[in-house]
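J.: here is my input, please return the structure:
(chains A and B)
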Amino acid sequence: MHHLAVDSFTIGELIILRTKPLKLNWSLVKSKTQNFISNLNPMWATQTQPSLFQPPLRSPHRSFSFKTLSSLKTPTINNYNHLIQTLCRRGNLKQALQLLPHEQNPTQRTYESLILACSSLNEPSLARVVHGHLVDDGFDQDPFLSTKLIDMYSHFGSVEDARNVFEKTSDKTIFVWNALLRALALADEGEEAISLCRQMGMLGMPLDSFTYSYGLKACVASSSSHDLAERRVRQIHGHALRHGFKTRVHVATTLIDCYAKLGSLPYSRRVFDGMTERNVVTWSAMIACYASERPFDALMLFQEMMMREPDTVPNSVTMVSVLQACAGLSALGQGKLIHAYILRRGLEAVVSVFNALIAMYAKCGNLETGRQVFDTIKCQRDVVSWNSMIAGYGIHGFGREALHLFEEMIDKGVSPSPITFVSVLGACSHAGLVQEGKRIFASMSREFGIIPRAEHYACMVDILGRAGQLDEAEKIVEDMRVEPGPTVWGSLLGACRIHGEVKRAEKACARLFELEPLNAGNYILLADIYASAKMWEEVSRIKRILEGKGLQKVPGCSWIEVKKKLYSFVSVDEMNPRIEQLHALIVRLVTEMKETGYVPNTKVVLYDLDQEEKERILLGHSEKLALAFGLINSGKGQVIRITKNLRLCEDCHTVTKFISKFANREILVRDVNRFHHFRDGVCSCLDYW
DNA sequence: ATAGGGTTAG
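T.: Okay, here's the model as predicted:
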């Protein structure tokens, strides 16, 4: 039984593998996973908790009309304020403004209503009129109203006006300072935000936790370099420590998020561990930090919260991150448990939860369920809902369906976002729809007013490159109106790999190595291209460069969920307790294949070894191990679902096609880019991926 | 009177 435990834990290790070489502490692995497995039960789904979505109790507004006002003999200022408030709430700002001159003495309250109304009704021009009246009435020195004005201008995106209000207010309360700081942080004016903090310190202003939170956000959002941002965050962090704000829940939660955004997850965790008081937001922040990079840890942490903190009730935001983690792991069983829990908690009415569910099912290989969720949505769909579903069709290779859904979305009057086009173009690329891709790309700016960004060009390069139109792909790169980033060159390099274009690959790599000197993947891809061309000296040259930089090829890892448990396999997994059984099965199947004319595709092995050695390495590929495990441990009619951390290797692709026919099994493999549906000897990608 | 965490793509 503990063998099972070991396997499920290696999933957790897998995520670490992306940055660190594989090193397992077996006793730790055992103890941790026992725990994890014993907790893997549908308990979450049976815990009923009160719905968060009971409508808030609010007393109905008593409205006040002109009629009521004129019926009064001597209307007081409060009566006027009441009327103005009613008009503002109804969105009748102009009428409310007309009342102003008739009023002898507007109060702070009058202006507060008007300012808030301008913000929520998005009326920047009326906002200036209100501001003018406010100054005329002598409220320009009112710090309370200055705070509101700064918030309002910040909402309209005009930092300039916010700054002016700040300058003109002589009685600068902490609210006024914080308001400007927040405005600057939102507008990505980090430099100025920092100097504002410094100014506050020099004036001897006592900073509060709002100041720290806004200040930290400003550092991350906008510092010109990563190092600078990190230095600043540490500076503010230190300041907070010295002033006893270390454990204040808002400040610490912001710190967790900031360190994660700077790529220092261990620091985030250290802050989290050091907190004396944590709430849902704190836990959600930490889970969210883990969700994309280390989904297994995200699930473990969620588990811990559910077990150890009965008073901390997860909300929709928590669930979105947990679903994201399930999606990252392809953990369909876990995802279903979470779905059940969401239904019990009544959280399914939140659009972001719905969207995350769609994405989770699609990424776990259950596209139909994703579509069902999409069709039976309990709230208004937003653009993300459409994007998620379109992207879902894309990764499964259903390009036509993706295009169809895109058209439906347009027909329904939903305006597409830049991400919509990444999804649609991505779908075209996976399905080889070159003409359609070109058409969509052209329509982007012409019909929808969305200027293509680097990632859109990358999609186009991908579409053309895969289809073998490399000249045209290269032309796109040359004609780009934005700086071609690593994604664009990476797409070109990927296309060169498919079509064995050594010269062009070298050209793309020249730029890529400059832009991403530490991305091992680019070097590996080039070595791969050299190996295909049998340029072994070049292959070893690239390998020497990698070694010199201390970089390593990310080890291949595949995993499979059987009866709600995850089992993972690394390539040439000699420590795996059942390696002999799996190996025997693979050898048997491959021998069978050889009789039908199969020749092992040894060119995917990057080592210059003899044929026999190469074949041995091929047999040990992690996806083959996972497949063998799936064949042994699942029922005849069940679909085998495998996930891989890298791109599916060509030899494994061939072998899996054969097995799907030979063993008469439906096999679903998700690699980094897309899904492959194997059935009856054919793959849904039609060998084009 | 002001907070802190989340969804889609690559």
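
J.: between the two ends of stretch A:575-583, how far is it?
T.: Terminal residues of stretch A:575-583 are spaced 13 Å apart (C-alpha to C-alpha, to the nearest Å).

J.: any idea of the mean pLDDT in that stretch?
T.: Regarding stretch A:575-583, the rounded mean pLDDT is 89.

J.: can you give me the buried ones in it?
T.: Neighbour-count burial for stretch A:575-583 flags A:Asn576, A:Arg578, A:Ile579, A:Leu582, A:His583 (criterion: 16 or more other C-beta atoms under 10 Å). (Each C-beta comes from the backbone N, C-alpha and C, glycine too.)

J.: now stretch A:95-108
T.: Residues of stretch A:95-108 classed as buried by neighbour count (16+ other C-beta under 10 Å): A:Ala96, A:Leu97, A:Leu99, A:Leu100, A:Glu103, A:Pro106.

J.: same question, stretch A:82-99
T.: A:His82, A:Leu83, A:Ile84, A:Gln85, A:Thr86, A:Leu87, A:Cys88, A:Leu93, A:Ala96, A:Leu97, A:Leu99.

J.: and what of stretch A:505-521?
T.: For stretch A:505-521, by 16+ other C-beta under 10 Å, it's A:Ala505, A:Lys507, A:Ala508, A:Cys509, A:Arg511, A:Leu512, A:Phe513, A:Leu515, A:Glu516, A:Ala520, A:Gly521.

J.: ok, A:Ser284 touching A:Pro314?
T.: Yes. If you go by C-beta atoms under 8 Å, A:Ser284 and A:Pro314 touch, sitting 7.4 Å apart.

J.: run the chain-centre distance for stretch A:81-95.
T.: Centroid displacement of stretch A:81-95 relative to its chain, using C-alpha atoms, centre = their mean, to the nearest Å, is 41 Å.

J.: now do A:Ala467, the pLDDT please.
T.: Taking A:Ala467 on its own, its pLDDT is 90.

J.: any regions of the stretch 501-650 of chain A where pLDDT drops low?
T.: Scanning the stretch 501-650 of chain A for pLDDT under 70 picks out A:608.

J.: on that earlier part again, could you dump the buried residues of stretch A:575-583 into CSV with secondary structure and distance to DNA strand B added?
T.: Output for the buried residues of stretch A:575-583, formatted as CSV (DSSP: H, G, I helix; E, B strand; the rest coil; distance: C-beta to the nearest atom of the strand, whole Å):
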residue, secondary structure, distance to DNA strand B
A:Asn576, coil, 31
A:Arg578, coil, 33
A:Ile579, helix, 33
A:Leu582, helix, 31
A:His583, helix, 34
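
J.: DNA strand B: which of the buried residues of stretch A:95-108 is nearest?
T.: Closest approach to DNA strand B among the buried residues of stretch A:95-108 (C-beta to the nearest atom of the strand): A:Pro106, at 18.0 Å.

J.: what does the closest one show for phi and psi?
T.: phi -60, psi 140 (degrees, to the nearest 10).

J.: I'd like the buried residues of stretch A:82-99 as CSV, with pLDDT, secondary structure and distance to DNA strand B appended.
T.: Below are these laid out as CSV (pLDDT from 0 to 100; DSSP: H, G, I helix; E, B strand; the rest coil; distance: C-beta to the nearest atom of the strand, whole Å):
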residue, pLDDT, secondary structure, distance to DNA strand B
A:His82, 89, helix, 18
A:Leu83, 89, helix, 21
A:Ile84, 89, helix, 18
A:Gln85, 86, helix, 15
A:Thr86, 88, helix, 20
A:Leu87, 88, helix, 21
A:Cys88, 88, helix, 16
A:Leu93, 88, helix, 21
A:Ala96, 88, helix, 21
A:Leu97, 87, helix, 23
A:Leu99, 85, helix, 24
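
J.: up against DNA strand B, what does the stretch 451-600 of chain A have?
T.: Residues of the stretch 451-600 of chain A lying close to DNA strand B (C-beta under 7 Å from any atom of the strand) are A:Glu455, A:Ala458, A:Cys459, A:Thr487, A:Gly490, A:Ser491.

J.: in a helix, the first one, correct?
T.: Yes. Using DSSP: H, G, I helix; E, B strand; the rest coil, the secondary structure at A:Glu455 is a helix.

J.: before we move on, the earlier item: now the two most distant members of the buried residues of stretch A:505-521.
T.: A:Lys507 and A:Ala520 (19.9 Å; C-beta to C-beta).

J.: which SSE is A:Lys475 in?
T.: Per DSSP states H and E, A:Lys475 falls inside helix A:470-479.

J.: for that helix, name the packing helices and strands.
T.: Under the contact definition 3 or more C-beta pairs under 8 Å, 6 or more residues apart in numbering; DSSP states H and E, helix A:470-479 sits against helix A:454-466, helix A:486-499.

J.: the same query, at a cut-off of 10 Å, please.
T.: Contacts defined by 3 or more C-beta pairs under 10 Å, 6 or more residues apart in numbering; DSSP states H and E place helix A:470-479 against helix A:434-448, helix A:454-466, helix A:486-499, helix A:502-515.

J.: point out the most buried one among the ones you listed.
T.: Counting by mean count of other C-beta atoms under 10 Å, helix A:454-466 has the highest mean neighbour count of these, with a mean of 25.

J.: hmm, back to that, quick check: neighbours shared by A:Ser284 and A:Pro314?
T.: Here A:Ser284 and A:Pro314 have A:Phe302, A:Met305, A:Ser321, A:Val322 as joint contacts, going by C-beta atoms under 10 Å, 6 or more residues apart in numbering.

J.: using the three-state scheme, assign the residue sitting furthest away from the middle of chain A.
T.: Distance from the C-alpha centroid of chain A peaks at A:Lys73, with 61.1 Å (C-alpha atoms, centre = their mean). The local conformation at A:Lys73, judged by three-state DSSP, is coil.

J.: looking at it now. What's its pLDDT?
T.: 86.

J.: how about the one 3 residues further on?
T.: Looking at A:Thr76, its pLDDT stands at 85.

J.: tell me which of the residues of the stretch 451-600 of chain A next to DNA strand B is nearest to A:Arg371?
T.: For those, the nearest to A:Arg371 is A:Cys459 (23.3 Å; C-beta to C-beta).

J.: residues touching that closest one, list them.
T.: Neighbour list for A:Cys459: A:421-429, A:437, A:440-441, A:452, A:487-488, A:491 [criterion: C-beta under 10 Å, 6+ apart].

J.: if you set the cut-off to 6 Å instead, what comes out?
T.: Listed by C-beta atoms under 6 Å, 6 or more residues apart in numbering, the contact set of A:Cys459 reads A:Leu425, A:Gly426.

J.: separation between the closest residue to A:Val604 other than its chain neighbours and DNA strand B?
T.: Take A:Val604 and drop its neighbours on the chain: the residue closest to it by C-beta to C-beta, 6 or more residues apart in numbering is A:Cys649, 5.1 Å away. Going from A:Cys649 to DNA strand B by C-beta to the nearest atom of the strand, to the nearest Å gives 20 Å.

J.: one more: A:Glu547?
T.: Counting by C-beta to the nearest atom of the strand - A:Glu547 and DNA strand B are separated by 27 Å.

J.: again with A:Arg541
T.: To DNA strand B, A:Arg541 is 27 Å away according to C-beta to the nearest atom of the strand.

J.: same thing with A:Asn387?
T.: 3 Å.

J.: tell me the contacts of that residue?
T.: A:Ile419, A:Thr420, A:Ser423.

J.: if we can go back for a sec, rebuild the helices and strands packed on helix A:470-479 as a markdown table, extending it with distance to A:Thr376.
T.: Formatted as a markdown table, the helices and strands packed on helix A:470-479 follow (distance: least, C-beta to C-beta, whole Å):
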| stretch | distance to A:Thr376 |
| --- | --- |
| helix A:434-448 | 28 |
| helix A:454-466 | 31 |
| helix A:486-499 | 35 |
| helix A:502-515 | 44 |
